[in-house]
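> Next come a sequence and a model predicted from it.
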Amino acid sequence: MSSLPRLHCGLSENMAARAPVATGRLMLGFRKWYYNLCGFNKLGLMRDDTIIEDADVKEALRRLPERVYNDRMFRIKRALDLSMKQQILPKEQWTKYEEEDFYLTPYLEEVIRERNEKEEWMKK
């Protein structure tokens, strides 16, 4: 009968199997904490609204559906207005980590992939 040795420190194999789950919950808690610490959510911004606009980001923004782009511009203008007034939104209007929509990320990844492919092609 070949099996793994029993853990003698009071931990069962089941508890050891749950360790990654606990680590995942810990990381989720850390991400939520950091999300709130950054402060952009208090202005109604999403993470993708705060990405610096380089050439790749500008191309990804150009590819966004019009409604998504207009929503982004509204959030940015509102945040600028609040910032000038040195105010924040009421807490119930803050963007929440659970509601975060990485709307720009798929477009940005596509643009970067295309640029890398073009650079590889030009090397040949």
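Yep, that arrived. Residues are numbered from 1 along each chain as shown.

> gap between W94 and K118?
The spacing between W94 and K118, counted by CB to CB, to the nearest Å, is 40 Å. For glycine as for every other residue, the C-beta is placed from the backbone atoms N, C-alpha and C.

> could you check the distance from L61 over to L45?
On the measure of CB to CB, L61 and L45 end up 15 Å apart.

> my bad, K118
32 Å.

> three-state assignment of Y103?
Three-state assignment for Y103 (DSSP: H, G, I helix; E, B strand; the rest coil): coil.

> What is the subsequent helix or strand relative to the helix or strand where D81 lies?
D81 is located in helix 66-84, with elements delineated by DSSP states H and E. Note on helix 66-84: by DSSP H and E, the next helix or strand toward the C-terminus is helix 105-123.

> Which residues does that next one contact?
D48, I51, D56, V57, E59, A60, L61, R63, L64 (CB atoms under 8 Å, 6 or more residues apart in numbering).

> buried subset of these?
D48, D56, V57, E59, A60, L61, L64 (16 or more other CB atoms under 10 Å).

> Report the two of the residues you listed separated the most.
D48 and E59 (14.4 Å; CB to CB).

> hang on, the earlier thing: and the least confident of the buried ones among the contacts of helix 105-123?
Ranked by pLDDT, the buried ones among the contacts of helix 105-123 bottom out at D48 (93).

> Let me see the contact set for that residue.
By CB under 8 Å, 6+ apart, the neighbours of D48 are R72, D101, F102, Y103, L104, T105.

> Now it: closest residue in space that isn't a chain neighbour?
Using CB to CB, 6 or more residues apart in numbering and skipping residues adjacent in sequence, the residue nearest D48 is L104, 3.9 Å away.

> Might you list the low-confidence residue ranges for this protein?
Applying pLDDT under 70 to the chain flags residues 1-22.
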